[in-house]
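**Student:** Return a 3D structure for these sequence lines:
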Amino acid sequence: MDTVLQGIPGAAAYLDDITIMAADKMDLQKKLDQVLECIADYGFHLRAEKCDFYMQQVRYLGFIIDKGRRRPDPENIEAVRTMPRPRDIPTLRSSLGLVSHYGAFLPKLHLLHAPLNHLLQKSTRWNWSADCQASFEKIKQLLTSNLLLTHYDPSLPMVVTSDASNHGVCAVITHNFPNGSEKPISHSARSLTPTERNYSQIEKEALSIIFAVKKLHKMMYGRHFTLITDHKPLLAVLGSKKGIPVHTANRLQRWATTLLGYDFKIIYQSTTAFGQADALSRLIGFQSKTPEETLVEI
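**Tutor:** Numbers count the residues shown, from 1 in each chain. This next block holds a predicted model:
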């Protein structure tokens, strides 16, 4: 189906489930005609009773999508709210799979996952501790709160903020709107591997940037964006226009070379300054006061 819809902006498909998005009714009609023509050319047929047209809001792949925003489907969130605690590895994996589907809304997810991920390690005996229960309940609490993300718009300025802790790396991508507001498009996070936990702080912070550009590559590649970090030493490594410093560690040199393929301006903001924007304050909401301390997209 992706081949059928190729070249039609705003048209997307998951298996045989097609959705078409447009800025106004006229644009929607134009795209709808294109989609129907392509479907006919490929010899497919649609059942009229299964089609909905000119909807202001749609339920799609576990999300509610309307003008300017998307949020988790309340029916799925209710399933999370009433989800019993896992009793073994298979049920834990199933629970985490459902939660991870909404990882883009949860910038703190990598921090909350830590005690649960520990249970998934082969060398760990199953022991549902108080920390596991607290983490599980906190994740459910966050998912049942008011979670909203704005839609990606390539015409708007883009800001990418990354951060690292001793447990994981995370990134948030936001749009700056003409009225001065800043709204999140997506949050991403993952836990550090045992090897990565041994990295120096500057390496962890640089890793968070590499994680951000790889995770959000489709949005960022070929477009100018502003990259914000709260780790000032990174400016000398990644922000220098004179090239990569020769004394830089090999790992940092490799990452700096990777970033040469992106068009960005890197700036420093202190940890407290991160809190000026709502989306960014959510990113560092789990931080301590220590400056060096600190998740389908449609």
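
**Student:** what about stretch 52-69, start to end distance?
**Tutor:** Criterion C-alpha to C-alpha, to the nearest Å; first-to-last residue distance in stretch 52-69 is 20 Å.

**Student:** Please enumerate residues in contact with it?
**Tutor:** 14, 17, 19, 21, 25, 28, 32, 70-74, 76, 101-102, 148-151, 296, 298 (C-beta atoms under 8 Å, 6 or more residues apart in numbering). The C-beta positions use only the backbone N, C-alpha and C, and glycine is treated the same way.

**Student:** Now do the same for Lys183: helix, strand or coil?
**Tutor:** strand (DSSP: H, G, I helix; E, B strand; the rest coil).

**Student:** in the sheet, who's paired with it?
**Tutor:** On the basis of DSSP bridges, Lys183 is bridged to His175.

**Student:** That one and Val159 touch, don't they?
**Tutor:** No. If you go by C-beta atoms under 8 Å, Lys183 and Val159 don't touch, sitting 10.4 Å apart.

**Student:** any residues in contact with both of those two?
**Tutor:** Thr174, His175.

**Student:** next one: stretch 192-199 to chain centre, how far?
**Tutor:** 21 Å (C-alpha atoms, centre = their mean, to the nearest Å).

**Student:** Have a look at Lys183 and Val159 and say which one is more surrounded.
**Tutor:** Val159 (21 against 18; other C-beta atoms under 10 Å).

**Student:** so that one, which of the three states?
**Tutor:** strand.

**Student:** From what I see, it and Glu182 are in contact.
**Tutor:** Yes. Val159 lies in contact with Glu182 (C-beta under 8 Å); the separation is 6.9 Å.

**Student:** list residues touching both of those two?
**Tutor:** Thr174, His175, Asn176.

**Student:** Going by distance to Ala206, which of those wins?
**Tutor:** Of all the shared contacts of Val159 and Glu182, Thr174 has the smallest distance to Ala206: 20.8 Å, by C-beta to C-beta.

**Student:** Can you give me the distance of the closest one to Pro194?
**Tutor:** Per C-beta to C-beta, to the nearest Å, Thr174 is found 32 Å from Pro194.

**Student:** can you check Trp255 too?
**Tutor:** 20 Å.

**Student:** More neighbours: which of those two?
**Tutor:** The residue with more neighbours, out of Trp255 and Pro194, is Trp255; 20 against 7, by other C-beta under 10 Å.

**Student:** which stretches of the protein form strands?
**Tutor:** 11-14, 17-20, 57-60, 63-66, 69-72, 158-164, 168-176, 182-191, 225-229, 264-268 (DSSP state E).

**Student:** where in this protein is pLDDT low?
**Tutor:** Applying pLDDT under 70 to the chain flags residues 68, 104, 106-108, 110, 145-148, 240-248, 271-298.

**Student:** Any buried residues in the lengthiest helix in it, and which?
**Tutor:** The residue-count maximum for a helix in the chain (DSSP state H) belongs to helix 25-41. Buried positions in helix 25-41, judged by neighbour count with 16 or more other C-beta atoms under 10 Å: Leu28, Lys31, Leu32, Gln34, Val35, Cys38, Ile39.

**Student:** okay, the residues you listed in JSON lines with distance to Gly7 next?
**Tutor:** JSON lines is the format used below for these (distance: C-beta to C-beta, whole Å):
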{"residue": "Leu28", "distance to Gly7": "17"}
{"residue": "Lys31", "distance to Gly7": "11"}
{"residue": "Leu32", "distance to Gly7": "15"}
{"residue": "Gln34", "distance to Gly7": "9"}
{"residue": "Val35", "distance to Gly7": "11"}
{"residue": "Cys38", "distance to Gly7": "9"}
{"residue": "Ile39", "distance to Gly7": "14"}
